[in-house]
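1. Predicted coordinates and the sequence they were generated for:
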Amino acid sequence: MVLNSIEQLLEKYDNGETSLKEEQQLKAYFAQDEVAPHLESYKTMFQYFNSTQQEQYTKDVPLKPRKSYIYQWISVAAVAVLMLGIIIPSVFGGATLTEDELTSEQQMAIQQTKEVFEIIGEKFNKGQSNVAVLSIASSNFEKGAEQVNYISELSETSNKFFKSKKAKTNKNK
């Protein structure tokens, strides 16, 4: 009789449906020396729970979190780099060359660089248009999903309606 009730309590315990009083009964049963052989695995588990229940955490818990100033220093460094980038060319008189002063190789390199940047710009614009097409497809997909939800709600409602009609006709017969 006791074994039956313990097995029922264990089943409830495994499903997470026991009360505190029922768990106390289980702890008391498994604290005994003699336990049914097929329940030995539960005995070790409940003994572990009893032993860990006595443990206490003794370290102090810091209440103030440590502040990290790394983000502030990164922003200071970024401002310093920008300032140096602006100040150094103006102080040291960043001389610019005109097209007449450039060699033919330098002019050809500049022209090739401009062409490369134009090609990159065209490809970037083409990629942007492809992304726009994807966003349109995504919004259409979302609209379709909403319509499917409406259809499933309608289906559930009609199923409920027809089931209630069948139940009424079965009662009348």
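-> Cool, got the structure.

2. What mean pLDDT does stretch 34-43 get?
-> The average pLDDT within stretch 34-43 is 84.

3. Which positions in that stretch come out as buried?
-> Neighbour-count burial for stretch 34-43, counted by 16 or more other Cβ atoms under 10 Å, picks out 35, 42-43. All C-beta atoms are positioned from the backbone trio N, CA, C, and that covers glycine.

4. Identify those among the residues you listed that sit within helices.
-> Judged by DSSP state H, the subset of these located in helices is 42-43.

5. Between the buried residues of stretch 34-43, which sits nearest I74?
-> Of all the buried residues of stretch 34-43, Y42 has the smallest distance to I74: 55.3 Å, by Cβ to Cβ.

6. got a list of what Q128 touches?
-> If you count contacts by Cβ atoms under 8 Å, 6 or more residues apart in numbering, Q128 has none.

7. now the stretch of helix or strand it belongs to: how far from the chain's centre is it?
-> Per DSSP states H and E, Q128 falls inside helix 104-172. Taking Cα atoms, centre = their mean, to the nearest Å, the mean C-alpha location of helix 104-172 is offset from the chain mean by 22 Å.

8. residues near D33, how many?
-> 5 (other Cβ atoms under 10 Å).

9. Name the SS class of it, please.
-> coil (DSSP: H, G, I helix; E, B strand; the rest coil).

10. Likewise for T18?
-> Assignment for T18 (three-state DSSP): coil.

11. Please tell me how far the closest residue to it other than its chain neighbours sits from S19.
-> Counting by Cβ to Cβ, 6 or more residues apart in numbering, T18 lies nearest to K12, which is 4.8 Å off, once chain neighbours are set aside. Distance from K12 to S19, counting by Cβ to Cβ, to the nearest Å: 9 Å.

12. what does Q47 give?
-> From Q47 over to S19 (counting by Cβ to Cβ), the distance is 21 Å.

13. Compare these two and say which is more crowded by neighbours.
-> Q47 (13 against 10).

14. contacting residues for the more buried one?
-> 30-31.

15. Return the backbone torsion pair for it.
-> In terms of degrees, to the nearest 10, the main-chain angles of Q47 are phi -70, psi -40.

16. what does K67 give?
-> phi -90, psi 140.

17. so how far is Y150 from it?
-> Using Cβ to Cβ, one obtains 51 Å as the distance from K67 to Y150.

18. Also E40?
-> Applying Cβ to Cβ, the value for E40 to Y150 is 56 Å.
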